[in-house]
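Asker: This is a predicted model, with the sequence first.
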Amino acid sequence: MALPFILGAYASHPAPELEADYYRLLADQPWVSGVEIPYPGQLATQGEVLASHLAAHWDFNTITAIPGTMQNVWKNENFGLASPDEAGRAAALDFTRALRDDLAALCERAGRQLVARVQLHSAPTRLAQVDAFKRSLAEVAAWDWCGATLVIEHCDKYIPEQNPEKGFLSLESEIDIVSEAGIGIHLNWGRSAVEGRSADTAYEHVLEAGKRGVLDGIIFSGAGPEETQYGYSWIDGHLPAQADEPTSLMNEAEIARCAKAAIAGGANYLGAKVCVPKDASLEQRLAMLTNIYRACDLGE
């Protein structure tokens, strides 16, 4: 049975008036199993619109809490499920509860379970603590997630001499935590590359999570050392693959070796999420995602 392949389609959204057409185009691709939904985004503010975008046969949609997590961290440095500050941790729990409630409303509107995974994060930047994160996960794991499984998405860890993009807990700490909690790790290729300033870091993270038996999935999103139309050097900016953005470290060979290692390590799904030039056509947006899917070489 083929592994589910998901698309972080929100990163490559066209103008609002073309969104419905874009989702219909994605739904026509037999290799697409679902999309990664950003929270809050449409899930919080336009549930009906979001529900209309999700194809009936997509059975592996996911939700990432990273947009709202970072919006809150930028306003309050103590915000996060791993915060040693109890008020900051309580605020993150409230945010996570709102996500759960909006997921329930979406599923009720659609009349079915829509989401397979919910990605949570070990914020805040620089201050994250293991024990605080464990307490938060124990609480949220007891909630009804409408059939979805919780996973921890690893972002770049805090490195004192390096300007962080996220600066959360280390992969090693997160692996220990999820092993105890009985859940999995979700990797983002670009976020791992940003952490180590190297494509090798992404590969090493896949191997480590796989070796420890906690690798649930990986989404391919690029990164690189140069300023581009997508932002400054080493931005967590979802750069396309190297074929579409020459400065990206995420080339076909890197995608292939990480996909192969992920599958060998027990991953349950793969995916792709990239930003695209603003004037790209719908077909060009799809092509940039298709390039990554093909590089995974799933043998279909």
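Answerer: The structure has been received and is ready for your questions. Being a predicted model, the structure only gives us computed values, none of them experimental.
Asker: State the distance from Ala9 to Gly271.
Answerer: According to C-beta to C-beta, to the nearest Å, Ala9 stands 10 Å off from Gly271. To be clear about C-beta, it is placed using only N, CA and C from the backbone, and glycine gets the same treatment.
Asker: okay, and the common contacts of those two?
Answerer: Listed as contacting both Ala9 and Gly271 by C-beta atoms under 8 Å, 6 or more residues apart in numbering are Glu36.
Asker: of the two, who's got more company?
Answerer: The neighbour comparison of Ala9 against Gly271 (other C-beta atoms under 10 Å) goes to Gly271, with 29 against 24.
Asker: Can you name the next helix or strand after the helix or strand where the more buried one lies?
Answerer: Assigning secondary structure by DSSP states H and E places Gly271 in strand 269-272. Under the assignment DSSP H and E, the closest C-terminal helix or strand after strand 269-272 is helix 282-296.
Asker: Run through the neighbouring helices and strands of that next one.
Answerer: Helix 282-296 is packed against strand 5-7, helix 19-27, helix 252-264, strand 269-272, with contacts defined by 3 or more C-beta pairs under 8 Å, 6 or more residues apart in numbering; DSSP states H and E.
Asker: can we see that at 6 Å?
Answerer: Under the contact criterion of 3 or more C-beta pairs under 6 Å, 6 or more residues apart in numbering; DSSP states H and E, helix 282-296 touches helix 19-27, helix 252-264, strand 269-272.
Asker: avg pLDDT for that helix?
Answerer: Helix 282-296 carries an average pLDDT of 98.
Asker: got the angle between it and helix 19-27?
Answerer: Put simply, helix 282-296 runs at 30 degrees to helix 19-27, going by axes from the mean of the first three to the mean of the last three C-alpha atoms, to 10 degrees.
Asker: mind listing what Glu245 touches?
Answerer: By C-beta atoms under 6 Å, 6 or more residues apart in numbering, the contact list for Glu245 reads Leu239.
Asker: quick check, it in a helix?
Answerer: No: Glu245 sits outside any helix when classified using DSSP: H, G, I helix; E, B strand; the rest coil, being coil.
Asker: So which of the helices and strands packed on helix 282-296 is the most surrounded?
Answerer: Mean neighbour count (mean count of other C-beta atoms under 10 Å) peaks for strand 269-272 among the helices and strands packed on helix 282-296, with a mean of 26.
Asker: Just send the helices and strands packed on helix 282-296 back as a markdown table, with distance to Leu137 and mean pLDDT too.
Answerer: Formatted as a markdown table, these follow (distance: least, C-beta to C-beta, whole Å; pLDDT from 0 to 100):
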| stretch | distance to Leu137 | mean pLDDT |
| --- | --- | --- |
| helix 19-27 | 32 | 98 |
| helix 252-264 | 23 | 98 |
| strand 269-272 | 21 | 98 |
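Asker: What strands flank the strand holding Gly271, and is each parallel or antiparallel?
Answerer: Applying DSSP bridges, strand 269-272 is found paired with strand 5-7 (parallel), strand 215-220 (parallel).
Asker: out of those, nearest to Pro67?
Answerer: Closest to Pro67 of the strands paired with strand 269-272, according to C-beta to C-beta: strand 215-220, at 14.5 Å.
Asker: Check which residues of that closest one are buried.
Answerer: Neighbour counts over strand 215-220 (16 or more other C-beta atoms under 10 Å) mark Leu215, Asp216, Gly217, Ile218, Ile219, Phe220 as buried.
Asker: Could you check how far the fifth one is from Leu187?
Answerer: Same thing as Ile219. As judged by C-beta to C-beta, Ile219 and Leu187 stand 7 Å apart.
Asker: Thank you kindly, that will do.
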